[in-house]
Every structure is written in structure tokens, then in C-alpha cells.
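Asks: output the structure for:
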Amino acid sequence: SYFPQIWGSDDTDAAARAEIQTGYSYGYPMSCVTAHVSDCPNHQTLRRTPIETRFNVASFGVLGYECNLVDMSKDDLDAVTAQIAMYKKWREVMQFGRFYRRSSVNDSIGAPGFSCLEPLPGNDTSWTVVSADKSRAVSMTMQILTHPNAQWGVLKPMGLDEDTKYHIEGRKMKFDLREFGPSRVRRPHQLRRAHPRKAGQPAAQDDREVLQDEGRERVARYVRRCDDVCRSASEERFRVGRI
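Replies: Sure thing, here's the model as predicted:
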């Protein structure tokens, strides 16, 4: 007897899953590997990743969700609705198309080492899955770490017909800048204002408090701007269709 699907791993962290699913792709079609979008921070790695990143990785397998919908924000619920609609539209290609690996975290094996200052092999994962007639394809590229002075990357889908012109469309996604970086900026209501100078207090100390107060106000203005700012993350999914 046999069963048609397997559960790839209890580790649903998107960065870890990129490596796990790449490994499975050498021996199994993606229609065999179930992959879920789970809550954040991840229950095993405690890593925070945007819900779009978690979907981008999980959708290359048999997609599922294991989230507490009650705890999810309206933005995340809206994102899940759009994700499911997109997955249903492209499910046949995603599950039964031919899978190609352009790069993966496995490329770091034998590399000179690890660096937070320069991109080294293994810092990104790039996949493409192509329909049998090569008329449709879906590609994803995901960068694990961001490096300073990074240049634009070039997405190079694999498996397409070299004699055919394709139309490439990127998904529109929103990301909160405050989810990036080692720490989170304090919100305005959490900022403490400097106290007025007490009697006999040196002027220099009072000046320092004024400067600190101005700095906090700058941070508060920055956070308010971040509320309305979105940026494209290092990974994007591309829908490809023959013209």
C-alpha cells in the first residue's frame, strides 16, 4: 500500500521550509508535499516572517493554513482571501507542472562561509514551475538576509520555451516596515518625554534631555509615516503567461 501525500516537516518556518521543500523536490513531485502557512512568530524558530512570504513558499506544495483566524488582523485575513483565490487559479500549474530550481540555500554547502555584509551562495531561493505545454508558469525568488548596498537582482525563470514571448506579471503585496530589522521601533504612545529641568539641575543635563526629546519626536514622526508606507520585499511571485 502507499499514500499519495506526505507531511514535509513540523517546521513551518518559511526560511527553513525553503530548504526543506528544495530537498524534497529532488525525489518527489510538489503534489506529494503538503505545506502550510502557520502563525507568526513561528512556534519552532520564533522567526517573524510576513504572511506573504509564508504563502509564497507554502504555495509551491499542497497549500494549507494552520492559523487562529480570531487572532489575525484584518489585513492578514484579506491577504489570505486573495492568496487562496490566486492559488485556486494556478493550482494545476503549481501542483502538476515541472519544477525547476535556479538557486537554493543548499548552494551554501562548500561555500567560503557566512556573511551579513555581502551576499554569498545560499542566501536566496528561486523556484519556477511550468505547465506541461509551457504556456504558463509561476516563479518565486526569496532572499534570506538583506545586505547593505545590495544591487538589483534579476529573475531568470527556467523551463520556458526559448522561442516564445511571455508576459510577466508580479503580485501586488504589502509589507510592514516595522516587521523588518532586529528590533521594533517604539510606538508614539510608548515614548517618554523629557521632564522639565529641576531647580539646581545643570543646564548641560537639561540640554541632553531636550535633545533626547527631539530624537523621540523624530522617531514618532517616522513611525507615523511607516503606517502608510509599504515596500516590496526581497521575494516576489511572478505569474507568467504566453502572449
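Asks: near His43, how many other residues are there?
Replies: Using other CB atoms under 10 Å, His43 has 13 neighbouring residues. C-beta here means a position set from N, CA and C on the backbone, and glycine is covered the same way.
Asks: how about Arg171?
Replies: Neighbours around Arg171, by other CB under 10 Å: 17.
Asks: then Gln95?
Replies: 20.
Asks: contacting residues for it?
Replies: Gln95 is in contact with Pro29, Met30, Ser31, Val62, counting by CB atoms under 8 Å, 6 or more residues apart in numbering.
Asks: the last one against Tyr28, yeah?
Replies: Right, the one you point to is Val62. No. The pair Val62 / Tyr28 is not scored as a contact, 11.2 Å apart, by CB atoms under 8 Å.
Asks: more neighbours: those two, which one.
Replies: Val62 (21 against 16).
Asks: distance of the more buried one from Asp133?
Replies: Distance of Val62 to Asp133, given as CB to CB, to the nearest Å: 22 Å.
Asks: ok, now Val70?
Replies: For Val70, the distance to Asp133 equals 43 Å [CB to CB].
Asks: more crowded one of the two?
Replies: It is Asp133, of Val70 and Asp133, that has more neighbours when counted by other CB under 10 Å, with 8 against 5.
Asks: ok, now how distant is the more buried one from Gly8?
Replies: Distance, Asp133 to Gly8, by CB to CB: 28 Å.
Asks: can you check Val130 too?
Replies: 22 Å.
Asks: ok, Ser103 next?
Replies: 20 Å.
Asks: these two: who's more crowded?
Replies: It is Gly8, of Ser103 and Gly8, that has more neighbours when counted by other CB under 10 Å, with 21 against 17.
Asks: contacting residues for that one?
Replies: Taking CB under 8 Å, 6+ apart as the definition, contacts of Gly8 comprise Arg17, Ile20, Gln21, Tyr24, Val33, Thr34, Ala35, Gly61.
Asks: need those in TSV (columns: distance to Ile51, pLDDT and secondary structure).
Replies: Putting these into TSV (distance: CB to CB, whole Å; pLDDT from 0 to 100; DSSP: H, G, I helix; E, B strand; the rest coil) gives the following:
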residue	distance to Ile51	pLDDT	secondary structure
Arg17	14	92	helix
Ile20	19	92	helix
Gln21	18	92	helix
Tyr24	23	92	helix
Val33	20	92	strand
Thr34	18	93	strand
Ala35	14	94	strand
Gly61	17	91	coil
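Asks: any chance of these in JSON lines, plus distance to Met173?
Replies: Output for these, formatted as JSON lines (distance: CB to CB, whole Å):
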{"residue": "Arg17", "distance to Met173": "18"}
{"residue": "Ile20", "distance to Met173": "23"}
{"residue": "Gln21", "distance to Met173": "20"}
{"residue": "Tyr24", "distance to Met173": "25"}
{"residue": "Val33", "distance to Met173": "24"}
{"residue": "Thr34", "distance to Met173": "23"}
{"residue": "Ala35", "distance to Met173": "18"}
{"residue": "Gly61", "distance to Met173": "20"}
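Asks: just the buried members of the residues you listed?
Replies: Neighbour-count burial (16 or more other CB atoms under 10 Å) applied to the contacts of Gly8 gives Arg17, Ile20, Gln21, Tyr24, Val33, Ala35, Gly61.
Asks: now do the strands in this structure.
Replies: Taking DSSP state E as the test, the strands found in the chain are 6-7, 33-38, 62-66, 98-103, 124-130, 136-143, 166-170, 236-242.
Asks: so what are the sheet partners of the fourth one and their directions?
Replies: By that I understand strand 98-103. Strand pairing for strand 98-103, determined by DSSP bridges: strand 124-130 (antiparallel).
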